[in-house]
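Asks: Sequence plus predicted model, see below.
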Amino acid sequence: MKNLFTILTLSLSVSLFLSCGNGDSPIEERKDLVQEVKVLNTETRKITIDNDAHFVSIEFIEGTDISNVEIQIKLVEGVSMVTPESSTAAFNFSHGTQSFTVRKGNTEITYQFKIKFVFDPSSKGWQITNTWGALPEYLSVYKYTNKINNKNVKAYIAVTDMNNTTARFSVLGEAKYIDVWSMPTPTQFYTTFSNPKALMNGGYFGGSSSIGLIVREGQLINPQQITISRTYEDRTIKYYPTWGAFGLNSDGTFSAHWCYTPDGKTIYCYEKPVDETGKTPQSLPSASYPTKATIWKPKEAIGAGPVLIKGGEYKNTWEAEMFDDKSGVGPNNNNPRSAIGSTPNKHLIFFVCEGRNTAESIPGLTLHEVTNLLLEIGCSEAINLDGGGSSCMLINGKETIKPSDGNQRRITSAVAVY
């Protein structure tokens, strides 16, 4: 190791001596080829040019359409464009890696574009808040107070950059508790489960039992095996809706699905929900109904519903999933709401809004309004969670919204970020 250091030192000394022999000569010839890159037709946060590694890094805001981005490239003197021929051209960054090639003398050099996304909902009315104490770099909390349909609104989102390997998503809770009084409040979840940085209420429950999917560390805690009874013309009819579920996949991505576990063990997911909008119940969901099923094996998952967003498209399938007024969800009523979603670039979103006029004449939101808010900030997958008096989100153990019951409600499940 000592000999290697001596050789390197001698080499550096010789290089300096040779390059400095002529006082007018630089130590190293300038390698810059690209002087400036501008994006002309959409907003960016940062553009970085690396003339040594030959790449251009562009940071777009999450949710930006990058299928037709107009780029202007300014080259240093003596350098010309090869591909594309024009210094101003449109690039489709949604289809694989894009590049451009320049020529200096007889040498052609290709620069690769590196595309990054930053989550910044400020242009959509969300304001970052810093009243929660110290938060990890991967977690940010935003507040929304703009009016929607002439209603006062108070909503929060906790945004976790899951590209950070330190961040961890977990689903907490059990299939059944001894009784209602043994069920924890959100604060009790917080203190019992190692003080997560962000915690929000989870799925639905009846009595002291969870209703809907719970998967934790790859283990099925509670199946998505829903049976709903409705009375029509003095007849009690049973229905088997495919409720929504949201989870973390083994590859680190998140997804929302319409799910059912007919055998209580296997999680079947479908391209669309069973349509239970009529009085006649549909068949029991299976491996082939309502569509050909795929078997889902998430690392963490929570079931509730309805599915609000799937594949970047508005869904809000409350009718098919039987979340009508009889369900207590009140899809078109103003209520406190909780929802969970994700963006294509692995930003995990916890959403809550206040409601039922607990303070400041804030009535709450409809499912339609929640879905639109989540779409606006770039969510591509999202489901509704239990709302009303259950809605609660804690940041470092501190409440964001005021629970509409006046106090935190006891619940059977929660979602958390560590």
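Replies: Good, I have the coordinates. The structure presented is a predicted model; accordingly, all values stated were derived computationally and were not measured.
Asks: What is the burial count for K310?
Replies: Neighbour count of K310, defined by other CB atoms under 10 Å: 20. Yep, even glycine has a C-beta here, placed from its N, CA and C like the rest.
Asks: Show me what the nearest residue to it once chain neighbours are set aside bridges to in the sheet.
Replies: Spatial nearest neighbour of K310, chain neighbours left out: A256 (5.4 Å); criterion: CB to CB, 6 or more residues apart in numbering. With DSSP bridges as the criterion, A256 is bridged to F246.
Asks: cool, and C353?
Replies: Beta-bridge partners, per DSSP bridges, of C353: A155, R337.
Asks: Let me see the domain layout of this structure.
Replies: Domain ranges of the chain: 34-118, 121-417, per automatic domain parsing.
Asks: Identify the residues contacting T343.
Replies: 62-63, 117, 119, 349, 377-380 (CB atoms under 8 Å, 6 or more residues apart in numbering).
Asks: Is it correct that the residue nearest to K310 is in contact with N384?
Replies: No - under the criterion of CB atoms under 8 Å, A256 is not in contact with N384, lying 10.2 Å apart.
Asks: Give me the common contacts of these two.
Replies: 244, 308.
Asks: looking at this structure, which helix or strand is least sure?
Replies: helix 2-19 (a mean of 37; mean pLDDT, DSSP states H and E).
Asks: Need the per-residue pLDDT for G23.
Replies: What the model reports as pLDDT for G23 is 43.
Asks: Residue numbering should commence at 333 henceforth.
Replies: Done: numbering now begins at 333, and the last item shifts to G355.
Asks: Would you reformat the domains of the chain as a markdown table and include mean pLDDT?
Replies: Formatted as a markdown table, the domains of the chain follow (pLDDT from 0 to 100):
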| stretch | mean pLDDT |
| --- | --- |
| domain 366-450 | 96 |
| domain 453-749 | 96 |
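Asks: Point out the most buried one among the ones you listed.
Replies: domain 453-749 (a mean of 19; mean count of other CB atoms under 10 Å).
Asks: Just the terminal-to-terminal distance for that domain.
Replies: Terminal residues of domain 453-749 lie 20 Å apart, using CA to CA, to the nearest Å.
Asks: starting at the chain centroid, how far to that domain?
Replies: Going by CA atoms, centre = their mean, to the nearest Å, the spacing between the C-alpha centre of domain 453-749 and its chain's C-alpha centre is 13 Å.
Asks: And A422, how far from F432?
Replies: 12 Å (CB to CB, to the nearest Å).
Asks: Quick check: neighbours shared by the two?
Replies: Shared contacts of A422 and F432 (CB under 8 Å, 6+ apart): I403.
Asks: Which parts of this structure are helices?
Replies: Secondary structure of the chain, counting by DSSP state H: helices at 334-351, 518-524, 699-708.
Asks: in this structure, which residue is closest to the centre?
Replies: By CA atoms, centre = their mean, the mean C-alpha position of the chain lies nearest to S674, the distance being 1.7 Å.
Asks: Test my guess that that residue contacts L680.
Replies: Yes - using CB under 8 Å, S674 is in contact with L680, at 5.4 Å.
Asks: Please identify every residue contacting each of these two.
Replies: Common neighbours of S674 and L680 (criterion: CB under 8 Å, 6+ apart): 494, 586.
Asks: Any chance you could list what contacts stretch 543-560?
Replies: 502-507, 534-537, 542, 570-575, 577, 579, 591-594, 596-597, 599, 608, 629-637, 654, 659, 745.
Asks: I misspoke; the intended subject was stretch 638-647.
Replies: In contact with stretch 638-647 (CB under 8 Å, 6+ apart) are residues 575-576, 588-590, 605, 648-650, 652-653, 655, 663, 671, 673, 676, 699, 702-704, 706-707, 711-716.
Asks: Mind doing that once more with 7 Å?
Replies: Applying CB atoms under 7 Å, 6 or more residues apart in numbering, the contact partners of stretch 638-647 are 576, 588, 590, 648-650, 653, 655, 671, 673, 699, 702-703, 706-707, 711-716.
Asks: Show me where the stretch 483-632 of the chain has its strands.
Replies: 487-493, 501-505, 530-533, 536-538, 541-543, 546-548, 551-554, 560-564, 567-571, 576-580, 586-592, 600-602, 626-627, 632-636 (DSSP state E, counting those that start in this stretch).
Asks: What helices and strands are in contact with the first one?
Replies: Translated: strand 487-493. strand 471-476, strand 679-685, strand 725-727 (3 or more CB pairs under 7 Å, 6 or more residues apart in numbering; DSSP states H and E).
Asks: Next, the angle strand 679-685 makes with that strand.
Replies: Put simply, strand 487-493 runs at 170 degrees to strand 679-685, going by axes from the mean of the first three to the mean of the last three CA atoms, to 10 degrees.
Asks: Which strand runs longest in the chain?
Replies: Longest strand of the chain, by residue count under DSSP state E: strand 439-450.
Asks: distance between that one and the chain's centre?
Replies: From the chain centre to the centre of strand 439-450 is a distance of 26 Å (CA atoms, centre = their mean).
Asks: which other helices and strands contact it?
Replies: Strand 439-450 packs on strand 387-393, strand 431-436, going by 3+ CB pairs under 7 Å, 6+ apart.
Asks: Adjacent strands (with direction) for that strand?
Replies: Strands that pair with strand 439-450, judged by DSSP bridges, come out as strand 387-393 (parallel), strand 431-436 (antiparallel).
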